[in-house]
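Colleague: Need a 3D model of the following:
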Amino acid sequence: MSRSIRLLRYVLARLALAPVMLWLLASLVFLLLRLAPGDPVDALLGSRAPEAARAALRAQLGLDQPLWHQYGGYLRDLLQGDLGTSLTNQQPVRSVIGQTLPASLELGLVALLLAALVGLAVGFSGIARAEGAVDLGARLFGIGTYALPPFWLAMLAQLVFAVWLGWLPVGGRFPPTLLPPGGSGFYLLDSLRTALFQGQWQNLSGTLRHLVLPACTLALLLSGIFANALRLNLRRAMASDYVEAARCRGLSERRLILRHALPNALLPVLTITGITVASLIGGALLIEVTFSWPGVAARLQEAIAQRDYPLVQGIVVVVATLVVAVTVLVDVLVAWLDPRLEF
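Modeller: So this is what the prediction gives:
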């Protein structure tokens, strides 16, 4: 069987497993929300509300139905693309996610790009001067940044750069004295467009000032993953037989690293990138809450506190879909690029 056919079967298998993973996750979230302590009726009306009002609201929300009936309706609506209506503000869940998801994507993508640049630079510098002070510093950087508590680092960054030095704002996404740029919801792109075509450079400046601190904080937390991954895989590649054979032919160390070892070492790093997307969720939640960033992670935290079942379920399903899509795409890309893989 040719490799192209095996690759096609692998892609089809990964695509077939994706809906199953999403169904299991959606079902788990549905059950955990119902088993967790707390009642959305209490969150909406308070624990001292009359029993008649509580019963009427419970019937209106469908919470008086048997659990299996609620689950069936939830899956039916999910298959139709209906994520329900938020219990707290009566807005469609799709609308709430559409308002907050661009902020999280913007923060996450910028942080991921910065983390990759810093982490790969640190990891490469460590292996280029192995067993020296630079290599030791790369090791400590990778371990230290990975172990830092996100909330502690975020508050420390606020204290130093916002309070003591006064260089950057403490939180928020855009200056309150300016009107947010309209368009896609990605303030960085929208501000860049208005700056280039309308001369509104203050929008771009305000967006960057608010984005720098949370993005750099999140990037620092993630950069250690890339630094350790590149350093370990590059060291393994440098000890491989094909690199030793190239060294025996008289090639310089610089060419050995750049032409032979580095391309093979970057393939596992590409896989790490897909896993890091999932790590962004946990890190972004604490970063968004600390910096008052109006993203989907902070909205999820509010929805959990308010027992807003439809909103929590909708956010988890949408975020899980994005994570699964990125993971599948990275796995397929690595399988296509690396002929050594068997599947």
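Colleague: my guess is Leu213 contacts Trp293, does it?
Modeller: No - counting by Cβ atoms under 8 Å, Leu213 does not reach Trp293; the two are 9.9 Å apart. Every residue, glycine included, has its C-beta placed from N, CA and C.
Colleague: What's the first helix or strand after the lengthiest helix in the chain?
Modeller: The residue-count maximum for a helix in the chain (DSSP state H) belongs to helix 201-238. Using DSSP states H and E, the next helix or strand after helix 201-238 towards the C-terminus is helix 241-248.
Colleague: what comes up buried for the next helix or strand after that next one?
Modeller: Scanning forward in sequence from helix 241-248 by DSSP H and E, the next helix or strand is helix 253-255. Within helix 253-255, no residue counts as buried by 16 or more other Cβ atoms under 10 Å.
Colleague: what does stretch 179-189 give?
Modeller: 180-181, 185-188.
Colleague: Report the contact partners of Arg299.
Modeller: 96, 100, 311, 315 (Cβ atoms under 8 Å, 6 or more residues apart in numbering).
Colleague: Throw the residues you listed into a markdown table and include distance to Ser125, thanks.
Modeller: Shown next, in a markdown table, are the contacts of Arg299 (distance: Cβ to Cβ, whole Å):
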| residue | distance to Ser125 |
| --- | --- |
| Val96 | 44 |
| Thr100 | 38 |
| Leu311 | 45 |
| Ile315 | 39 |
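Colleague: For those residues, which two are the farthest from each other?
Modeller: Greatest spatial distance among the contacts of Arg299 (Cβ to Cβ): Thr100 and Leu311, at 10.3 Å.
Colleague: Out of these two, name the residue with the larger neighbour count.
Modeller: Between Thr100 and Leu311, Leu311 has the larger neighbour count (other Cβ atoms under 10 Å), namely 26 against 21.
Colleague: What is the helix or strand that that one is a member of packed up against?
Modeller: Assigned by DSSP H and E, Leu311 belongs to helix 309-337. Counting contacts by 3 or more Cβ pairs under 8 Å, 6 or more residues apart in numbering; DSSP states H and E, helix 309-337 packs against helix 3-35, helix 93-128, helix 262-290, helix 296-305.
Colleague: List the buried residues in it.
Modeller: 309-324, 326-328, 330-331, 334-335.
Colleague: swap in stretch 234-254?
Modeller: 234-235, 237-238, 243, 246.
Colleague: Tabulate the CA atom coordinates of it in PDB.
Modeller: Extracted in PDB, the C-alpha atoms of stretch 234-254 (Å, rounded to 0.1, in the frame of the first residue of the first chain):
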ATOM      1  CA  LEU A 234      17.800  19.300  18.500                       C
ATOM      2  CA  ARG A 235      20.200  17.500  20.900                       C
ATOM      3  CA  ARG A 236      18.700  14.200  19.900                       C
ATOM      4  CA  ALA A 237      19.100  15.100  16.200                       C
ATOM      5  CA  MET A 238      22.700  16.200  16.700                       C
ATOM      6  CA  ALA A 239      23.500  12.700  18.100                       C
ATOM      7  CA  SER A 240      21.900  10.800  15.300                       C
ATOM      8  CA  ASP A 241      23.700   8.700  12.700                       C
ATOM      9  CA  TYR A 242      23.000  10.900   9.700                       C
ATOM     10  CA  VAL A 243      24.500  14.000  11.500                       C
ATOM     11  CA  GLU A 244      27.500  12.000  12.500                       C
ATOM     12  CA  ALA A 245      28.000  10.900   8.900                       C
ATOM     13  CA  ALA A 246      27.700  14.500   7.700                       C
ATOM     14  CA  ARG A 247      30.200  15.500  10.300                       C
ATOM     15  CA  CYS A 248      32.600  12.900   9.100                       C
ATOM     16  CA  ARG A 249      32.400  14.500   5.600                       C
ATOM     17  CA  GLY A 250      33.800  17.700   7.000                       C
ATOM     18  CA  LEU A 251      30.700  19.900   7.300                       C
ATOM     19  CA  SER A 252      30.800  22.700   9.700                       C
ATOM     20  CA  GLU A 253      28.800  22.600  12.900                       C
ATOM     21  CA  ARG A 254      26.700  25.600  11.700                       C
END
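Colleague: any idea of the mean pLDDT for that stretch?
Modeller: Averaged over stretch 234-254, pLDDT sits at 78.
Colleague: For Gly126, state which of the buried residues of stretch 179-189 is nearest.
Modeller: Distances from Gly126 to the buried residues of stretch 179-189, taken by Cβ to Cβ, are shortest for Leu188, at 31.4 Å.
Colleague: Sounds good, over and out.
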